[in-house]
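Q: let me see the structure of the following:
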Amino acid sequence: MDTELSELAAAHGVATEYRDGQRRRVEVDPDVVVRVLGLLEVDATTTESRHAALAAARAEAAAGRLPGTIAARTDRTRPLPVPGVLVDDRGTRRDVAEIPAGLEPGWYRLETDAQEVTVVVAPPALAETPRSWGWMLQLYALHSAGSWGIGDLGDLRGFTEWTGAEHGADAVLLNPLHAITPVPPVQPSPYTPSSRRFGTPLALRITDLEAYARADGPTRAEVDALRPETAGGRIEHDRVWAAKRAALELLWRAEGRPEPRDADDDLWEFATFCALAERHGGRWSRWPEDLWHPGAPGVAAARKELAPRVAFHAWVQQQVQQQLAGVRETARAAGVRVVHDLAVGCDPEGADGWALQDVLALGVRVGAPPDAFSQQGQDWGLPPWRPDRLAATGYAAYRDLLRALLRQADGLRIDHVAGLWRLWWVPPGESADRGTYVHYDAEVMLAVLTLEAHRAGALVIGEDLGTVEPEVTEALAERRMLGSSVLWFTRDEDAPGEPLLPPDSWPEDSVATISTHDLPTAAGFLRGEHVRARAELGLLDDVAAEESKAEIDRLELVELLRAEGLVAGEHPGEDQLIVALHALLARSRSRLVLVSPYDIVGEVRQPNLPGTVDEYPNWRLPLPVSLEELRDDPRVRVVVDQLRLRRGSAG
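A: Model prediction:
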């Protein structure tokens, strides 16, 4: 590649080469590099423009200017290229030649003669996570006598009260509960939300609302009559939302159509988006041009015209936040920490895509380069942060996102945590293999995360599976953030054949699980369902080879269980193997062990089958048993006994 293009790309964090899953060097097509630089508003299309852009980058470096935002730690000094004035959030000023050690964790401003810089001062690490265990739930999949066709916050409250009091469980990790766009079709995937800053009204327990309790008898009867049932073994998000929206409108009117008085600007903006989506459709890029941005000329007039609908959606969101807070309070009383999940990105046509477009690279799609799992690469359809805009705005959007989630959580799981270091950008119109990595300031990204989690007293879990550079796992451990250890993948990479690791060799600073939402369940793995399902959909090139591999993997797993003394006999049954898998998990060195109801009750189908959209019922599968049945299921007691025995839970 041209040396000038390489230097220019490096100056803006755009990769010109990378290592694939087999650690082989891959060079990025120069045309892709030029296109990605263009998305960062760096013109490298001609020799002249490249010279000019490179000259500007060199001049910036020679001037010794700091980025718009820098990170510091409370336990060490940070040198500065020039002296300045450090200002804390109370306005106290001090002259500094360096960022000193011993500062209070927080947000500061550094003023120099040439610039003003945001300074994030974070503690070196979070509090240590004790040896513990808990559950990971796809909340939508829970169902009970009180829920409306989808798992809700009432189900979660009941689950945490039960498992905290009866089992001594320490934590419950949820799928993302991010907000939907409130018009059909409702996006079923919790990882493609309309907004990550707000919560989904699909999770509301309608009959737990204060407005329901205050309503008169006829109104409650009308609300009760709207309750949908699960039909055909599938969760129907559109039907559920239609019923809950109608019920919420009845209760809002019964309350006198209240307009929230304490709503902040972000909530009014989100509610305005929802009202506009009802009028113009769920894709804001198809709205009239004078509505394409929150500050566009037509938005203020539209907000006034749609004032009742804006007030309704603001009220609905307040009900979501109140129920989330109530669930956390109940869970804490039962000794259970509620851990929320942060999706990698948002729907580009959703509320965050509309409101945060100044700091997002709209048109770009985040994904993954080609690997053994996906030979054409992956395109997740999510817009990434623009690193230059984050730095220039003091990472305010990222900070506010974390704060919004941590207000209702005792912990946070970061999906694809390697995205704090780099993301695979796919330019508009290109296939997933025609992308490259764009690097972020991981020091600042981690500092903001550490600071906000520290302030909230929250634990942090980083999903560091797949092709992840060692520096990611090392940085998480240094800050006492937990990585991810999944049974199917936890192998000795230095030994011939990369055999499965015994549990006493698993990473200590991690969360141990049997599987994930994108992988086969315990029963599905043992039966080879993950091969059968993909073969049926034509997703496999060599079905026989995949079946053979699945059988070898199963035999290897059974041998590990046998070596650990957890199964006996030549042909152990499936139920015996599933209990043994959980006993193996409980023996791991990992600080936190999480188990799934899918595995305990023998569900064969996995929640999501990557590489499919409508060909497989992704995110639409309820648990095969109700919450009431789960409480009485003897298989739960057997597994929980293994966890309590080996994880030291008093129960």
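Q: domain ranges for this structure?
A: Segmentation of the chain into domains, based on automatic domain parsing, reads 3-62, 69-122, 483-651.
Q: the nearest residue to Glu529 once chain neighbours are set aside sits in which helix or strand?
A: Among residues not flanking Glu529 along the chain, Val604 sits closest, at 4.9 Å (CB to CB, 6 or more residues apart in numbering). Backbone N, C-alpha and C define where each C-beta goes, glycine included. For Val604, there is no host helix or strand (DSSP states H and E).
Q: which stretches of the stretch 351-500 of the chain aren't confidently modelled?
A: In the predicted model, the stretch 351-500 of the chain carries pLDDT under 70 at residues 372-373, 375.
Q: go again using 80 as the cut-off
A: 371-376, 466-467 (pLDDT under 80).
Q: ok so, going back, so how far is Arg328 from the residue nearest to Glu529?
A: Between Val604 and Arg328 the computed distance is 33 Å (CB to CB, to the nearest Å).
Q: the two: who's more crowded?
A: Between Val604 and Arg328, counting by other CB atoms under 10 Å, Arg328 is the more crowded of the two (21 against 18).
Q: dihedrals phi and psi, the more buried one?
A: The phi and psi values for Arg328, taken as degrees, to the nearest 10, are phi -60, psi -40.
Q: so which strand or helix has the residue nearest to it when sequence neighbours are not counted?
A: In space, and not counting its chain neighbours, Arg328 is closest to Val338: 5.1 Å by CB to CB, 6+ apart. Following DSSP H and E, one finds Val338 within strand 337-342.
Q: quick one: the helices in the stretch 301-450 of the chain?
A: When assigned using DSSP state H, counting those that start in this stretch, the helices of the stretch 301-450 of the chain occupy the ranges 307-333, 351-355, 387-392, 396-406, 442-456.
Q: who are the packing partners of the longest strand belonging to the chain?
A: Criterion DSSP state E: the longest strand present in the chain is strand 78-87. In terms of contacts (3 or more CB pairs under 8 Å, 6 or more residues apart in numbering; DSSP states H and E), strand 78-87 is packed against strand 69-73, strand 93-99, strand 106-111.
Q: pick the most deeply packed of these.
A: Using mean count of other CB atoms under 10 Å, the stretch among those with the largest mean neighbour count is strand 69-73, at a mean of 23.
Q: what angle sits between it and helix 396-406?
A: Angle of strand 69-73 versus helix 396-406, following axes from the mean of the first three to the mean of the last three CA atoms, to 10 degrees, is 50 degrees.
Q: partner strands of strand 69-73 and their direction?
A: Within its sheet, strand 69-73 is paired with strand 116-122 (parallel), according to DSSP bridges.
Q: partner strands of the following helix or strand past the strand it pairs with, with direction?
A: Using DSSP H and E, the helix or strand that directly follows strand 116-122 along the chain is strand 132-137. If you go by DSSP bridges, strand 132-137 pairs up with strand 171-174 (parallel), strand 592-595 (parallel).
Q: how about stretch 36-45: buried residues?
A: Buried positions in stretch 36-45, judged by neighbour count with 16 or more other CB atoms under 10 Å: 36-37, 39-40, 42, 44.
Q: low pLDDT regions in the stretch 1-150 of the chain?
A: 1, 21-22.
Q: state the next helix or strand along the chain beyond the strand or helix carrying Ser548.
A: Using DSSP H and E, Ser548 sits in helix 543-563. Where DSSP H and E defines the elements, the next helix or strand beyond helix 543-563 is helix 574-586.
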